[in-house]
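Undergrad: show me the folded form of this:
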Amino acid sequence: MTKSKSKSKSKLKSRKNIIDRFILDLFHKRLEHLPSSRGSIITLAGMIGIACNLLMAAFKLTIGLVSHSVTITYDAINNITDSASSIIILLGVKLSSMRPSRRFPLGYGRIEYFSSIIISVIVLSVGISFLRTSVDRVLHPAHVAIGGLSIVVLIIALGVKIFLSRMALTIGHKVDSSALIANGTEATMDISVSVLAIVSSFISAHTKFSIDGYVGSVLAVVFIYNGLKLVIESLASTLGERIDAELATRVRDIVSHHDMIYGVHDIVLHSYGPSRSIIDMNIELPDYATAEEIHSIMIDCKTRLKEELGVQANIGIYSVNTYDDFIIKLRDQILDIVLSFHGTLSIHAFHVGEMCGSVQEALIALDEDVVMEEGIIRFDVVVDYTVHNYNDLYYKLYDKLKREIPQYEYMVKIEPEYS
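TA: Model (predicted):
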């Protein structure tokens with residue numbers, strides 16, 4: 001039993017590989033010239049999708065209306081919405097490729113994300129509409145009459161749909177197009193619709209029991225679920241999701257090759273479309289580093305990130321004490337205090353320095369009897385997402401620090417785990 005299952009899986013995988021190879025051969029010349037050919041690749045994929053879906057919709061709509069099959073009629077409408085999705089992709093690519101302007105200096109790349117959202121909403125709305133129709137068919141059954149020729153046409157259309165699904169997903173991942181991937185995900189769901197439309201129509205036509213409405217209801221629920229899932233995934237790119245762990249690791253590896261860099265923190269990715277991203281980060285450098293050394297390190301890091309990852313970088317600097325063993329022990333002591341609080345993960349940007357006049361004046365203004373501390377300790381505390389009240393944590397941490405190490409003043413910044 002397990003052997004037969006593994007054989008069927010391997011056969012399915014080999015078929016997918018054959019289709020994928022054919023698709024890559026079809027787009028071979030354009031793929032060789034990435035990223036400059038990205039727009040033309042998506043345009044070609046979109047045009048193929050429009051032509052195939054409109055052709056399939058015409059055949060299926062005719063068969064569905066003649067046979068009175070709600071699932072086949074819906075499948076035809078689904079092909080029409082797929083064509084609309086392809087048109088939205090083409091418009092999105094066209095608009096997102098416009099040159100940056102004075103008002104939008106980072107370009108229009110995020111328009112592609114909105115294309116994905118629109119496609120996701122189409123999937124969701126079609127699912128809701130289909131659910132209404134299917135429930136009505138359950139309540140008011142109708143005889144389905146479908147011939148052998150119609151079944152053959154639907155099977156051919158199913159093969160075309162499999163090709164379109166693989167094309168959208170394969171090319172979408174190759175050129176990093178969230179809209180094309182969303183379209184491919186939708187097409188993959190359509191395959192199950194087409195299969196069940198053929199099966200349910202055949203059973204309904206050759207038995208007294210009409211399962212057309214029941215099958216349609218199940219498919220509609222699946223579509224609504226996947227539509228909601230696509231909407232959430234599409235919105236994530238627009239809202240600004242956390243940097244991918246693998247990308248964050250690559251950023252750290254590239255930047256940390258400098259011996260003088262003690263740590264890389266606060267990595268935040270700002271995406272302005274698939275081809276334009278900016279990374280913000282802070283690096284820890286020793287307190288003895290000169291301005292010339294810092295400048296050289298930052299230029300080198302920015303250049304390497306651009307060459308290896310294609311991203312622009314904004315880099316901030318933290319000074320780290322290195323000359324005093326006492327300060328290193330002090331840092332470990334403060335880290336133990338910080339980690340005693342729920343949700344705290346680590347500290348960085350730790351620095352012990354002299355208290356400037358403005359800080360002293362502010363402390364005196366708050367408390368006339370304040371004792372002048374030996375210095376000021378600055379550091380950032382990284383917390384997980386179970387911590388909701390940063391102010392409460394700050395005051396509790398500050399009080400404990402002043403009780404256990406009272407001779408210093410503290411400037412603490414609490415921030416979430418960005419990467």
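Undergrad: hmm, T170 is touching I23, no?
TA: Yes. Using Cβ atoms under 8 Å, T170 is in contact with I23, at 5.1 Å. Where C-beta positions appear, they are placed from N, C-alpha and C, glycine not excepted.
Undergrad: and the most centrally placed residue in the chain, what helix or strand is that in?
TA: What sits nearest the mean C-alpha location of the chain, by Cα atoms, centre = their mean, is S237, with 5.1 Å. Counting by DSSP states H and E, the element that carries S237 is helix 212-239.
Undergrad: could you do R378 as well?
TA: If you go by DSSP H and E, R378 is part of strand 375-383.
Undergrad: chain center to that strand: distance?
TA: Strand 375-383 has its C-alpha centroid displaced from the chain centroid by 32 Å (Cα atoms, centre = their mean, to the nearest Å).
Undergrad: can you show me the strands along this structure?
TA: Along the chain, counting by DSSP state E, strands occupy 263-271, 277-286, 312-320, 344-353, 375-383, 408-416.
Undergrad: touching the fifth one from outside, list them.
TA: The set of residues that contact strand 375-383 without belonging to it, under Cβ atoms under 8 Å, 6 or more residues apart in numbering, is 265-266, 330, 334, 338, 343-356, 359, 390, 393, 397, 408-417.
Undergrad: give the buried residues for it.
TA: Judged by neighbour count (16 or more other Cβ atoms under 10 Å), strand 375-383 contains these buried residues: I376, I377, R378, F379, D380, V381, V382, V383.
Undergrad: closest to L196 out of those residues?
TA: Using Cβ to Cβ, V383 comes nearest to L196 of these, at 48.2 Å.
Undergrad: report the separation between that closest one and H270.
TA: Look at V383 and H270: by Cβ to Cβ, to the nearest Å, they are 22 Å apart.
Undergrad: ranges for the helices of the protein?
TA: In the chain, the helices defined using DSSP state H lie at 2-26, 28-31, 38-67, 70-96, 111-139, 148-175, 178-206, 212-239, 245-255, 291-309, 325-339, 357-366, 390-404.
Undergrad: closest one to I317 among these?
TA: Shortest separation from I317 across the helices of the chain is recorded for helix 291-309, at 6.5 Å, computed as Cβ to Cβ.
Undergrad: buried stuff in the closest one?
TA: Buried residues in helix 291-309, counted by 16+ other Cβ under 10 Å: I294, I297, M298, C301, K302, L305.
Undergrad: list the contacts of it.
TA: Residues from elsewhere that reach helix 291-309, judged by Cβ under 8 Å, 6+ apart: 247, 250-251, 254-255, 258, 260-261, 279, 283, 285, 289, 311-313, 315, 317.
Undergrad: looking at that helix now, give me its mean pLDDT.
TA: In this model, helix 291-309 carries a mean pLDDT of 90.
Undergrad: just the CA trace of that helix, in CSV.
TA: Extracted in CSV, the C-alpha atoms of helix 291-309 (Å, rounded to 0.1, in the frame of the first residue of the first chain):
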residue,chain,number,x,y,z
ALA,A,291,35.4,58.5,12.4
GLU,A,292,37.4,57.4,9.4
GLU,A,293,37.2,53.7,10.4
ILE,A,294,33.4,54.0,11.0
HIS,A,295,32.9,55.7,7.6
SER,A,296,34.9,53.0,5.8
ILE,A,297,33.0,50.2,7.5
MET,A,298,29.6,51.7,6.7
ILE,A,299,30.4,52.2,3.0
ASP,A,300,31.7,48.7,2.7
CYS,A,301,28.6,47.2,4.4
LYS,A,302,26.2,49.2,2.2
THR,A,303,28.1,48.2,-0.9
ARG,A,304,28.1,44.5,-0.1
LEU,A,305,24.4,44.5,0.8
LYS,A,306,23.6,46.2,-2.5
GLU,A,307,25.7,43.8,-4.5
GLU,A,308,24.7,40.5,-2.8
LEU,A,309,21.1,41.2,-1.8
